[in-house]
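> the following block contains a protein sequence and its predicted model.
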Amino acid sequence: MATLTIRNLPDEVHAALRVRAAKAGRSMEEEIRVMIADTLSKGTTKPDPDRAAAEMRALIRAANGGVLPQGVVDEFIAERRAEAAREEADADRQIAEYHRRKGSE
């Protein structure tokens, strides 16, 4: 079997690997072998954005009774615009109140 040496491993990566290995009941060396084998057995080291999008849509459908919600972004934008208008009106009132107080001094 071949041997691999990894140099300049950041301390936080080392610590995370140690925790991950401990949770799995393995040594760090064994955990790295498993991680490498799992990654290479998938046939690619790059995530497939189309697959990820399909999985996300499936999760969203499952969370919403089997349908994809429509207009969510539009609703969010409308809510944010209304909130911004309220904030602007509050600021205008505060400025007007400040000027009234300054004028009465």
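Everything's here; your move.

> how's this protein carved up into domains?
According to automatic domain parsing, the chain is divided into the following domains: 7-46, 48-105.

> quick check: residue 17 touching residue 32?
Yes: contact criterion C-beta atoms under 8 Å: residue 17 and residue 32 qualify, at 7.1 Å. The C-beta positions use only the backbone N, C-alpha and C, and glycine is treated the same way.

> re the thing from before, out of the domains of the chain, nearest to residue 1?
Of all the domains of the chain, domain 7-46 sits nearest to residue 1, with 9.9 Å by C-beta to C-beta.

> give me the distance from that closest one to the chain's centre.
In terms of C-alpha atoms, centre = their mean, to the nearest Å, the centre of domain 7-46 is set 22 Å apart from its chain centre.

> flag the shaky bits of the protein, pLDDT-wise.
43-45, 105 (pLDDT under 70).

> go again with 90.
Low-confidence segments of the chain (pLDDT under 90): 1-11, 13, 36-58, 60-76, 99-105.

> for it, which segments count as helices?
11-24, 28-41, 49-63, 72-104 (DSSP state H).

> out of those helices, which comes closest to residue 3?
For these, proximity to residue 3 was assessed by C-beta to C-beta; helix 28-41 is nearest, at 10.5 Å.

> that closest one to helix 11-24, inter-axis angle?
For helix 28-41 against helix 11-24, the angle by axes from the mean of the first three to the mean of the last three C-alpha atoms, to 10 degrees is 90 degrees.
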